[in-house]
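Enquirer: Quick one, what's the 3D model for this:
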Amino acid sequence: MTLNETTTDRIWLVTGASGHLGNTVVRQLLRQGERVRAFILEEERPKALQGLNCEVVSGDVTDAASIEPLFAGLRDKEIYLLHLASMITIYANAGPRVYQVNRGGTGNLLEAARQHQVKRFLYCGTVHTLPFPEDFNAKIREISHYDPDLVHGDYAKSKAMASQLVLDAARDGLDAVIVQPSGIIGPNDYLNGNFTTLFKKLVDRKLPAMIQGSYNFVDVNDVADGLIAAAKYGRKGESYNLTGHDISVLEIMNKAAEMTGRKPFRSTAPLWLARLAAPFAEWWSKKTGKIPVLTSYSLFTMSSPHRFSHEKAGRELGYSIRPMEETISNTLRFMVEQKRFKQAVDPAYLTAKS
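Expert: Below you'll find the model as predicted:
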């Protein structure tokens, strides 16, 4: 069966469906003619899912009872459960809620998957669960055991715990697989993630400087493609890195500046200076409720090893990545269409430069 072939007896259940990756996965499944049931935390259908021909169920992954309606009426269906819901944080010390959502919520979904005899359980982990190599430039590949003590920050630790729960469930008989994206960038971000926020500040001329640092960033559509392929063809009990380009934040932002007629950044603020400013930025964000552009944890991430290999996904799933320039262009177009910028961007100029 090819990726575009469907079966009327199959249904895809997607947790975290209103998130950046979640709504993109839902869109791609619908384009393939699949039946989709979205599981969201919101009580009403959010903007990210408006106009999409999918069922919507509201609930909380930390509340096992609220998960049950997701499976209503599916006794004779072939169920593919994609567990994408998680609490993402750029604070190193995020508190107990991140563990309740990421580890506890995953445990609840695994138990529901067993009870309802799902055909395939896919968990969206993260490359942050992979320990750093001793050599900064060494390729970072998939692992067969996750240890929260070997990674940094509550987000990484909670996701490592959850990933190990999935591997344990697979070894106990559940048909489960893990995918591990790197830093996601791209269109369909209705929740104002990091790059959407940076692009908005850039275009509205409210980003006075750029810091040093680089990471591995990947297009949300490429991750969605790889994730669906892993759900269909990935090997039970295996994990797959769905990663992209090793690139600096400066390169991404200067390309966005070029595409929108803004001035490029000629230099960057050193990381040591950014580290001094980060605690104040975190304090201010907690006081105002606004997401900070940088934190100590995000700076740590951008200075850590990030040569993630996606060779396994390419070999087994046919995974591939598009040029970063295309991703930046598509993101800016989405933001223009959604009227995210206060200052105008000439669409003709965007087209000419993309």
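Enquirer: need the helices for the chain, in chain order.
Expert: Using DSSP state H, the helices of the chain run over residues 20-31, 64-67, 97-99, 105-115, 154-171, 194-203, 220-233, 249-260, 271-288, 296-302, 311-317, 324-337, 347-353.
Enquirer: possible to save those helices as TSV with distance to Glu43 and mean neighbour count?
Expert: All C-beta atoms are positioned from the backbone trio N, CA, C, and that covers glycine. What follows is the helices of the chain, written out as TSV (distance: least, CB to CB, whole Å; neighbours: other CB atoms under 10 Å):
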stretch	distance to Glu43	mean neighbour count
helix 20-31	17	23
helix 64-67	11	16
helix 97-99	19	19
helix 105-115	18	20
helix 154-171	25	22
helix 194-203	24	20
helix 220-233	25	22
helix 249-260	35	20
helix 271-288	26	14
helix 296-302	31	20
helix 311-317	36	17
helix 324-337	26	19
helix 347-353	36	12
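Enquirer: Let's have the ones you listed in a markdown table, adding mean pLDDT and distance to Ile11.
Expert: Putting these into a markdown table (pLDDT from 0 to 100; distance: least, CB to CB, whole Å) gives the following:
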| stretch | mean pLDDT | distance to Ile11 |
| --- | --- | --- |
| helix 20-31 | 98 | 10 |
| helix 64-67 | 97 | 15 |
| helix 97-99 | 95 | 30 |
| helix 105-115 | 98 | 14 |
| helix 154-171 | 97 | 21 |
| helix 194-203 | 92 | 31 |
| helix 220-233 | 98 | 12 |
| helix 249-260 | 94 | 37 |
| helix 271-288 | 63 | 40 |
| helix 296-302 | 74 | 36 |
| helix 311-317 | 98 | 22 |
| helix 324-337 | 95 | 28 |
| helix 347-353 | 60 | 39 |
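Enquirer: Let me have the ones you listed in a markdown table, adding distance to Glu134 as columns.
Expert: What follows is the helices of the chain, written out as a markdown table (distance: least, CB to CB, whole Å):
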| stretch | distance to Glu134 |
| --- | --- |
| helix 20-31 | 31 |
| helix 64-67 | 41 |
| helix 97-99 | 28 |
| helix 105-115 | 30 |
| helix 154-171 | 18 |
| helix 194-203 | 29 |
| helix 220-233 | 28 |
| helix 249-260 | 25 |
| helix 271-288 | 21 |
| helix 296-302 | 17 |
| helix 311-317 | 20 |
| helix 324-337 | 28 |
| helix 347-353 | 42 |
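Enquirer: between the ones you listed, which one is nearest to Trp12?
Expert: Among those, the nearest to Trp12 by CB to CB is helix 20-31 (5.3 Å).
Enquirer: and that closest one, what does it pack onto?
Expert: When contacts are defined as 3 or more CB pairs under 8 Å, 6 or more residues apart in numbering; DSSP states H and E, helix 20-31 packs onto strand 10-15, strand 35-40, helix 220-233.
Enquirer: didn't Val61 look like it was pressed against Ala85?
Expert: Yes - under the contact definition of CB atoms under 8 Å, Val61 touches Ala85, with a separation of 5.0 Å.
Enquirer: Next, show the common contact partners of the two.
Expert: A shared contact of Val61 and Ala85, defined by CB atoms under 8 Å, 6 or more residues apart in numbering, is any residue touching both; here these are 15, 39, 101, 105.
Enquirer: Now do the same contact list for the closest residue in space to the first one that isn't next to it in sequence.
Expert: Nearest-residue entry for Thr15: Ala85, 3.9 Å, with adjacent residues in sequence omitted and distances by CB to CB, 6 or more residues apart in numbering. For Ala85, the contacting residues are 15-16, 19, 22, 39, 41, 61, 101, 105, taking CB under 8 Å, 6+ apart as the criterion.
Enquirer: one more time with 10 Å
Expert: Applying CB atoms under 10 Å, 6 or more residues apart in numbering, one finds that Ala85 lies in contact with 14-19, 22, 39-41, 59-62, 101-102, 105-106, 109, 124.
Enquirer: so how far is Val127 from it?
Expert: When CB to CB, to the nearest Å is the yardstick, Ala85 and Val127 sit 18 Å from each other.
Enquirer: And for Arg103?
Expert: With distances defined as CB to CB, the gap from Arg103 to Val127 amounts to 18 Å.
Enquirer: ok so, going back, just the buried ones from the contacts of Ala85?
Expert: Buried subset of the contacts of Ala85 (neighbour count, 16 or more other CB atoms under 10 Å): 14-19, 22, 39-41, 59-62, 101-102, 105-106, 109, 124.
Enquirer: Of the helices and strands packed on helix 20-31, which is nearest Leu202?
Expert: Distances from Leu202 to each of these were compared using CB to CB; the minimum, 19.1 Å, belongs to helix 220-233.
Enquirer: Next, the angle from the closest one to helix 324-337.
Expert: For helix 220-233 against helix 324-337, the angle by axes from the mean of the first three to the mean of the last three CA atoms, to 10 degrees is 110 degrees.
Enquirer: Next, the angle strand 10-15 makes with helix 220-233.
Expert: Computed with the same axes, to 10 degrees, the direction of helix 220-233 lies at 130 degrees from that of strand 10-15.
Enquirer: can you tell me which residues contact the closest residue to Asp149 other than its chain neighbours?
Expert: Closest residue in space to Asp149, ignoring its immediate chain neighbours: Lys157 at 8.0 Å, by CB to CB, 6+ apart. Lys157 makes contact with 94, 98-99, 102-103, 128-129, 146-151 under the criterion CB under 10 Å, 6+ apart.
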